[in-house]
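Chemist: fold the following.
(one chain, ligands or ions: 1)
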Amino acid sequence: MKILALSGSLRAASINSAVLRAAVRLAPPGTTVSLFKSLGQLPLFNPDLESDVPDVVATFQRTVAQSDALIIASPEYAHGVTGTIKNALDWLVGSEAFAGKPVAVLNTSPRAHHADAALRETLKTMAAVVIEAASVTIPLLGAQLDEASMIDSPSLASAISGSLTALRNAILTPTEVVTPLFPLR
Ligand SMILES: Cc1cc2nc3c(=O)[nH]c(=O)nc-3n(C[C@H](O)[C@H](O)[C@H](O)COP(=O)(O)O)c2cc1C
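Modeler: Take a look at the predicted model:
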């Protein structure tokens, strides 16, 4: 099973990217977790480009389509999601492969509830299945930890592994058939 990790932060020292790199190394048996590293190279979404998308967009859309599930960690910027993650999701609105995709939403900051709620709303509108058991808040803001330190922390490693295991279980036992909340295109 393939789980694709998306970080909504482009910062080199991003705590959201770090927790996803930890997830790559904590992938449960039978799964691989890979981090898509080129979200920052995606052009701003433009419907005019959809008939002949740039290569990086095609790679992104194909990688998502070939993944069994997504795990997303994104900061909150000004009480909203970051442009990085919203732009990436906008490129997926027209993708049939996205409907029904199980998604875990990791929140690395308990105070960032606006972005967490907005991200979930967008995902549900796009007919993704937000897996609640896999969508956890792991307080990391200001912790200055890299992925190795997270893996070395029993409580953090357990929280990350628990999320991935819940996501894997959701892939194995799909429970919902979903359609977009309204015709998106
Ligand atoms: C432009 C900007 C806006 C931010 N707005 C918020 C906000 O509205 N709420 C909040 O809790 N944190 C806010 N923050 C703090 C970030 O969420 C925090 O620094 C987070 O760790 C960044 O994630 P990263 O380490 O993955 O880059 C903001 C940070 C920046 C740079």
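
Chemist: now the longest helix seen in the chain: how far from the chain's centre is it?
Modeler: In the chain, taking DSSP state H as the definition, the longest helix is helix 154-172. The chain centre lies 14 Å from the centre of helix 154-172; the measure is C-alpha atoms, centre = their mean, to the nearest Å.

Chemist: do the same with stretch 31-38
Modeler: On C-alpha atoms, centre = their mean, the centre of stretch 31-38 falls 10 Å from the chain's centre.

Chemist: what's the answer for stretch 138-158, then?
Modeler: Centre-to-centre, stretch 138-158 and its host chain are 18 Å apart (C-alpha atoms, centre = their mean).

Chemist: and what of stretch 168-175?
Modeler: Centre-to-centre, stretch 168-175 and its host chain are 17 Å apart (C-alpha atoms, centre = their mean).

Chemist: check which residues of that stretch are buried.
Modeler: Buried residues in stretch 168-175, counting neighbours by 16 or more other C-beta atoms under 10 Å, are found at 168, 170-171. Backbone N, C-alpha and C define where each C-beta goes, glycine included.

Chemist: contacts for that stretch, please.
Modeler: Stretch 168-175 is contacted from outside by 1, 3, 28, 30-31, 68-69, 100, 102, 129, 131, 133-134, using C-beta atoms under 8 Å, 6 or more residues apart in numbering.

Chemist: do that again at 7 Å, thanks
Modeler: 1, 28, 30-31, 68-69, 102, 131, 134 (C-beta atoms under 7 Å, 6 or more residues apart in numbering).
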